[in-house]
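Colleague: quick one, fold the following:
(one chain, ligands or ions: 1)
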Amino acid sequence: MAQKLAAGNWKMNGTEASLAEIDKMLAAYPEPGCKVLICPPATLLDRLSTRIGDGPIATGAQDCHMKASGAHTGDISADMIKDAGGTYAILGHSERRTDHGESDEVVKAKSAAAVGAGLIAVVCVGETEAQRDAGQTLDVVGTQLAGSVPDDVTGETLVVAYEPVWAIGTGRVPTIEQIAEVHDFIREKLVDRFGAETGNAVSLLYGGSVKPSNAAEIFAVANVDGALVGGASLKADDFGAIIDALQ
Ligand code: PEP
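Modeller: Okay, the predicted model is just below:
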């Protein structure tokens, strides 16, 4: 049975002042009924992890390098994420695939490095609007999934996020049927590749303009185990309402 997970991706947002939102969340959700994850920018990971302590909310990074250390200016490694208190890493977000030209091979190597170091990899997949319009959604998602997820994963070390690129930050959301179709497909592919025990234990998140007003409907879809939330994770009230809908 996959774990329910509400994950927040702060992207390139947040400074010291933003941590006040976390205090609000901790006060409102001292014991959330689902796993909660916040991935702040790397500059805040240590501070956020320290602030949260050993409580029920996990922290993670938005990327990690495939190598353990070395001459890679500006990058951070999986061990550095762990050292800063993080337990998860988001890999292959569409903004990284686009802005940094990350291929499936790169995402796979980064995910393997994250899992190898003891982190949980949140691997993102999703089609562009042109690909959906061309009827290529399942082909694209299937190819990304096969190419980006490393072999050595378990239900405890892998999370997959389905994030249609055209729904991220746009306020547009696929229909419930479209979300269900892709999530069922991802589940089937994971079961085919890793077997039923592991495949059914991987949490499948939907991401793309999730907000308090649509969260409950999305979470009611079979094979949706939670959400990867961008904009709405920045405000404790909005993210809290999404946690409420999931728990
Ligand atoms: C994201 O960045 O992963 C995301 C889903 O963003 P938003 O919720 O703002 O669409």
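Colleague: hey, let's count contacts and neighbours off CA atoms from now on
Modeller: Fine.
Colleague: so which elements touch the helix-or-strand element of the chain with minimal mean pLDDT?
Modeller: None of the helices or strands of the chain scores lower by mean pLDDT, DSSP states H and E than helix 19-28, at a mean of 90. On a contact count with 3 or more C-alpha pairs under 8 Å, 6 or more residues apart in numbering; DSSP states H and E, helix 19-28 meets helix 42-52, helix 236-246.
Colleague: need the contact list for the closest residue in space to Val173 that isn't next to it in sequence.
Modeller: The shortest distance from Val173 to any non-neighbouring residue, by C-alpha to C-alpha, 6 or more residues apart in numbering, is to Ala167 (5.4 Å). Counting by C-alpha atoms under 8 Å, 6 or more residues apart in numbering, Ala167 touches 173-174, 207-209.
Colleague: contact residues of the chain facing the ligand?
Modeller: Within the chain, the positions near the ligand by C-alpha under 6 Å from any ligand atom are 9, 168-169, 207-210, 228-231.
Colleague: distance of the residue nearest to Val173 from Ala61?
Modeller: 22 Å (C-alpha to C-alpha, to the nearest Å).
Colleague: next: Leu37.
Modeller: Taking C-alpha to C-alpha, one finds Leu37 at 10 Å from Ala61.
Colleague: do Tyr29 as well
Modeller: Taking C-alpha to C-alpha, one finds Tyr29 at 22 Å from Ala61.
Colleague: more crowded one of those two?
Modeller: Legend: neighbour count by other C-alpha atoms under 10 Å for Tyr29 and Ala61, higher for Ala61 (33 against 16).
Colleague: how about low-confidence regions in the chain?
Modeller: Within the chain, not a single segment meets pLDDT under 70.
Colleague: state which helix of it is the longest.
Modeller: Counting residues, the longest helix found in the chain (DSSP state H) is helix 176-194.
Colleague: run through who's touching it.
Modeller: 138, 141-142, 145, 162, 197-200, 204, 206, 217-218, 221-224.
Colleague: try stretch 133-141
Modeller: 125-127, 131, 182, 185-186.
Colleague: now do stretch 109-124
Modeller: 64-68, 78-79, 82, 86-94, 107, 148-150, 152-153, 156-163.
Colleague: report the buried residues of that stretch.
Modeller: Across stretch 109-124, burial judged by 16 or more other C-alpha atoms under 10 Å covers 109-117, 119-124.
Colleague: drop anything exposed from the contacts of stretch 109-124.
Modeller: 64-67, 78-79, 82, 86-94, 107, 148-150, 153, 156-163.
Colleague: just the ones in strands from the contacts of Ala167, please.
Modeller: When DSSP state E defines the strands, the subset of the contacts of Ala167 inside them is Gly207.
Colleague: quick one, which of the contacts of Ala167 are buried?
Modeller: Counted by 16+ other C-alpha under 10 Å, the contacts of Ala167 give 173, 207-209 as buried.
Colleague: how about those residues in JSON lines, adding distance to Met1?
Modeller: What follows is those, written out as JSON lines (distance: C-alpha to C-alpha, whole Å):
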{"residue": "Val173", "distance to Met1": "26"}
{"residue": "Gly207", "distance to Met1": "20"}
{"residue": "Gly208", "distance to Met1": "24"}
{"residue": "Ser209", "distance to Met1": "26"}
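Colleague: and those, which two are the farthest apart?
Modeller: Val173 and Gly207 (9.1 Å; C-alpha to C-alpha).
Colleague: number of residues surrounding the closest residue in space to Glu16 that isn't next to it in sequence?
Modeller: Residue nearest to Glu16 in three dimensions, not counting chain neighbours: Leu44, with 7.5 Å by C-alpha to C-alpha, 6+ apart. Per other C-alpha under 10 Å, the neighbour tally for Leu44 reads 19.
Colleague: Leu44 against Ser18, yeah?
Modeller: No - taking contacts as C-alpha atoms under 8 Å, Leu44 lies outside contact range of Ser18: 9.5 Å.
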